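# what's the 3D shape of this:
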Amino acid sequence: MATVMDRIQRGTPTFSVEFFPPKNDEGERTLWNTVRSLEPLDPAFVSVTYGAGGSSRDRTVRTTGRIATETTLTAMAHLTAVDASMEDLRHVIGSYAEAGIQNVLAIRGDPPNDKDAEWVPHAAGLQYTEELVHMVRRLGNFCVGVAAFPYMHPRSEDEESDTRFFLQKVKAGAEFAITQMFYDADQFLRMRDRIAAAGCEIPIMPGLMPITNPRAMERGADFSGAALPKVMQERLEPLVDDAAAFREAGIDLCVELSQKMFDEGVGNIHYISMNRHPAVVDVVRRLGVAAG
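Sure thing, here's the model as predicted:
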């Protein structure tokens, strides 16, 4: 299986897709319909998250393994330190290795039940993401990525500390980063510039989600940790009672933001799919980055 770095360094713009682990049989059918629909478009890679607070760990391992063994897609596994002992983490890492998975996104994760609560590590677990990165690299031949935060990590005191913490993850062995979801291009570019100014040039991939309905607009703001830019609100809010027009405007905005990222030298964009593919397909086809 190719690594994420192999797949995103092909000389042309690429895209990747993020899935959530299914919660039930119906959710699993929806996910696999999405996986099979996206497979011919040749995304650089696809990833499967953990549920909120690190839940759904077993289902994430199983789903990622199925993608790696039953499809032609390059799979990236998520791994968080939430509520996990060192033994738990070694077991999950071993399961990924047995499934032939070579790519891992290592993130500390949010506290269970309340992402804004104080972080408390497992008594027999890890405290920092850099420790998790080092552990994954030590236990296998993995290509490891980490998270980046255009609006700064919520627990960073300032940009200087935010940059320092990011560099520590890279020093531990991270080869690429994927951002928390955002909609403000300038915030991403400022973050990328300050990290580059500190001497770090690993690929940082934007995490984007097409906004196709008013609920997705609210969810996007919650996931990103920041309100939607005013210009986006002004284009979407007048259309909340017209589902088709709202969806079309949301796709337009995602295409425009994606194109700006590519114009600014970004090589790969990571799309959060919510396990439904039509919006992502519409975006990548209009951008001309999908195969076929």
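# what about the strands in the stretch 51-200 of the chain?
75-80, 103-107, 143-148, 176-181 (DSSP state E, counting those that start in this stretch).
# next one: the second one to chain centre, how far?
By that I understand strand 103-107. 10 Å (CA atoms, centre = their mean, to the nearest Å).
# again with stretch 204-220
12 Å.
# before we move on, what about stretch 99-112?
10 Å.
# same question for it, mean pLDDT?
For stretch 99-112, mean pLDDT rounds to 84.
# cool, stretch 76-86 as well?
On average, stretch 76-86 scores 89.
# between the two ends of that stretch, how far is it?
21 Å (CA to CA, to the nearest Å).
# for that stretch, buried residues please.
Met76, Ala77, His78, Leu79, Thr80, Ala81, Val82, Asp83, Ala84 (16 or more other CB atoms under 10 Å). Where C-beta positions appear, they are placed from N, C-alpha and C, glycine not excepted.
# wait, the third one sits on Thr49?
Yes - under the criterion of CB atoms under 8 Å, His78 makes contact with Thr49 at 5.0 Å.
# which residues do the two both contact?
Thr60 (CB atoms under 8 Å, 6 or more residues apart in numbering).
# just to revisit the earlier point, between which two of the buried residues of stretch 76-86 is the distance greatest?
For the buried residues of stretch 76-86, the maximum inter-member distance is 21.7 Å, found between Met76 and Asp83 (CB to CB).
# ok, and what's touching stretch 223-241?
By CB under 8 Å, 6+ apart, stretch 223-241 touches 151, 154, 180-184, 187, 209, 211, 214, 217, 220-221, 245-246, 249-250, 253, 272.
# among those, the buried ones, what's the ChimeraX command?
Typed into ChimeraX, the line below selects the buried ones among these, using 16+ other CB under 10 Å:
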select :151,180,181,182,183,184,187,209,211,214,217,220,221,246,249,250,253,272
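# from the contacts of stretch 223-241, which land in helices?
Among these, DSSP state H puts Gln187, Pro214, Met217, Gly220, Ala221, Ala245, Phe246, Ala249, Gly250, Leu253 in helices.
# farthest-apart pair in those residues, please.
Largest pairwise distance in these, by CB to CB, is 27.3 Å, between Gln187 and Ala245.
# of the ones in helices among the contacts of stretch 223-241, closest to His91?
Using CB to CB, the ones in helices among the contacts of stretch 223-241 come closest to His91 at Gly220, 33.9 Å.
# those helices in this structure, which residues are they?
Using DSSP H, helices in the chain cover 4-8, 25-38, 57-70, 86-98, 129-139, 159-171, 185-197, 214-224, 230-236, 243-263, 278-287.
# wait, what's in contact with the nearest residue to Arg194 once chain neighbours are set aside?
Excluding the flanking residues, the one nearest Arg194 by CB to CB, 6 or more residues apart in numbering is Thr163, at 5.6 Å. The contact partners of Thr163, by CB under 8 Å, 6+ apart, come to Arg194, Ile195, Ala198.
# redo these as CSV? Include pLDDT, neighbour count and distance to Ala291.
Below are these laid out as CSV (pLDDT from 0 to 100; neighbours: other CB atoms under 10 Å; distance: CB to CB, whole Å):
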residue, pLDDT, neighbour count, distance to Ala291
Arg194, 96, 15, 35
Ile195, 97, 21, 31
Ala198, 97, 14, 36
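# can you redo these as TSV with distance to Pro13?
TSV is the format used below for those (distance: CB to CB, whole Å):
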residue	distance to Pro13
Arg194	24
Ile195	21
Ala198	26
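# and which of those residues is nearest to Gln259?
The nearest member of the contacts of Thr163 to Gln259, counting by CB to CB, is Ile195 at 22.3 Å.
# for the closest one, what are its contacts?
Counting by CB under 8 Å, 6+ apart, the residues that Ile195 touches are Ala148, Thr163, Phe166, Leu167, Ile204.
# can we see that at 7 Å?
Thr163, Phe166, Ile204 (CB atoms under 7 Å, 6 or more residues apart in numbering).
# these two touch, right, the second one and Phe149?
No - under the criterion of CB atoms under 7 Å, Phe166 is not in contact with Phe149, lying 8.3 Å apart.
# appreciated, that's everything.
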